[in-house]
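Trainee: just coords:
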């Protein structure tokens, strides 16, 4: 698509995203991140820095960085996504909750259980309000909070 549409076209971004997925599955994490950053660059220029699709790419990069144990980098990406979602949707939206949850998971993996619980509690409150108490995503957050509390107790 790059040769047909050029380097800054949304179809090129879609191809980059697909390549990133394949590279990630093959274990080439650095290559995957490089392509996802290319997607982010195209989205920033074509859709805007505050577009939800741009935020989604930041979240994808954040998940990969967390799995690489680059917690600082993961937090930066998830906070960028959160800022976009809050500006676009306000504070009471499932995507805002999802970002708070992702930040909480990164913080928990980093060992910062107190701050992780703060983020997860925010996510849970939004999810209960927007999705309901019985929604699968709400229940996943409840499970994450339980896991963090257990990890916290294990350290005492």
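Mentor: Received, thanks. Since the model is a prediction, treat every value here as computed from it, not as a measurement.

Trainee: Go through stretch 108-127 and flag the buried ones.
Mentor: 108-110, 112-113, 116-117, 119-120, 122-124, 126-127 (16 or more other Cβ atoms under 10 Å). C-betas here are computed from N, CA, C, even on glycine.

Trainee: Need the residues that contact it.
Mentor: Applying Cβ atoms under 8 Å, 6 or more residues apart in numbering, the contact partners of stretch 108-127 are 66, 69, 71, 91-94, 96-98, 100-101, 103-107, 135, 137-138, 141-142, 144-145, 147-149, 151-152, 155.

Trainee: Write the PyMOL selection for whichever of the residues you listed are buried.
Mentor: To isolate the buried ones among these in PyMOL, judged by 16+ other Cβ under 10 Å, type:
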select buried, resi 66+71+93+94+96+97+98+100+101+103+104+105+106+107+137+138+141+144+145+148
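
Trainee: In helices, which of the contacts of stretch 108-127 fall?
Mentor: 66, 71, 94, 96-98, 100-101, 103-107, 137-138, 141-142, 144-145, 147-149, 151-152 (DSSP state H).
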